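> just coords:
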């Protein structure tokens, strides 16, 4: 088995809270500099920058998990990843269908722009991407798994926008592929107060909104090669694959 360094929570300039330096080119460059092997692209309620970053990252030997950080109707943030661009496109259509029609206020929330590999702005998203979808957490989880994706509740230790802060607990009927904690806590400290979650696989990610935060914390994926199938096996702890964090 090999050990692959993964940071599975990265925002681009497409997210209104993402710094303007978070272009696809700059993200890949910093990930390479930080020794990241697997990079998750997780803009708020949008997958649109993921295919370009995957294309750029492949040239540097970096695997990209294409996805989004979805905000549920309950205001829970969840990481959702897909193996193929077709499934990604299907999920993008789903996001656009259920995103509320609320115009973005750039003065309050920031710009939501897409850029190309030359760092040129090619479009701007008008609807506010950080709104909660008109779908509950169970609905979104089912859609992700229908598209053979991975569903990971984000930064569950946080006091806002986490499944625990919003619902008070992790619903036992919610099918998750892992749980994410932020860089501000250790798994040990988290489980001291939430021991009922000890059987789950945990990842830890940077949630980078600024270029220098990429790779601040990583999860170590122990697996044979850089494929979506291997990532899924590691998250499930199958065939001696596993994920380790601090």
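Structure received. These figures come from a predicted structure and were not determined experimentally.
> mind naming the longest helix for the protein?
helix 85-98 (DSSP state H).
> need the residues that contact it.
If you take C-beta atoms under 8 Å, 6 or more residues apart in numbering as the criterion, helix 85-98 is touched by 45-48, 50-51, 66-68, 70, 80, 82, 133-135, 143-144, 147-149. Every C-beta, even on glycine, is put in place using the N, C-alpha and C of the backbone.
> next secondary structure element downstream of the helix or strand bottoming out on mean pLDDT in the chain?
Here the helix or strand of the chain ranked lowest by mean pLDDT, DSSP states H and E is helix 106-109, holding a mean of 86. Toward the C-terminus, helix 106-109 is succeeded by strand 113-115 as the next helix or strand (DSSP states H and E).
> before we move on, back to that, against which helices or strands is the least confident helix or strand of the chain packed?
In this structure, helix 106-109 makes packing contacts with no helix or strand, judged by 3 or more C-beta pairs under 8 Å, 6 or more residues apart in numbering; DSSP states H and E.
> contacts for it?
Contacting residues not belonging to helix 106-109 are listed as 16, 17, 128, 130 [C-beta under 8 Å, 6+ apart].
> check stretch 152-165 too.
Contacting residues not belonging to stretch 152-165 are listed as 8-9, 42, 69, 71, 75-81, 137, 169-171, 174, 176-182, 184-185, 190, 194, 203, 207 [C-beta under 8 Å, 6+ apart].
> any idea what residue 68 is bridged to?
Residue 68 has these beta-bridge partners by DSSP bridges: residue 43, residue 80.
> and for it, the neighbour number?
The local packing of residue 68 (other C-beta atoms under 10 Å) involves 29 other residues.
> ok, it to residue 52 distance?
When distance is defined by C-beta to C-beta, to the nearest Å, residue 68 is 14 Å away from residue 52.
> burial check on residue 60, number of neighbours?
Here the neighbour count serves as a burial measure; for residue 60 (other C-beta under 10 Å) it reads 12.
> so it sits right up against residue 28, yeah?
Yes: counting by C-beta atoms under 8 Å, a contact exists between residue 60 and residue 28, whose distance comes to 6.0 Å.
> what sits closest to residue 226 if chain neighbours are left out?
What sits nearest to residue 226 in space, not counting adjacent residues and going by C-beta to C-beta, 6 or more residues apart in numbering, is residue 63, at 4.2 Å.
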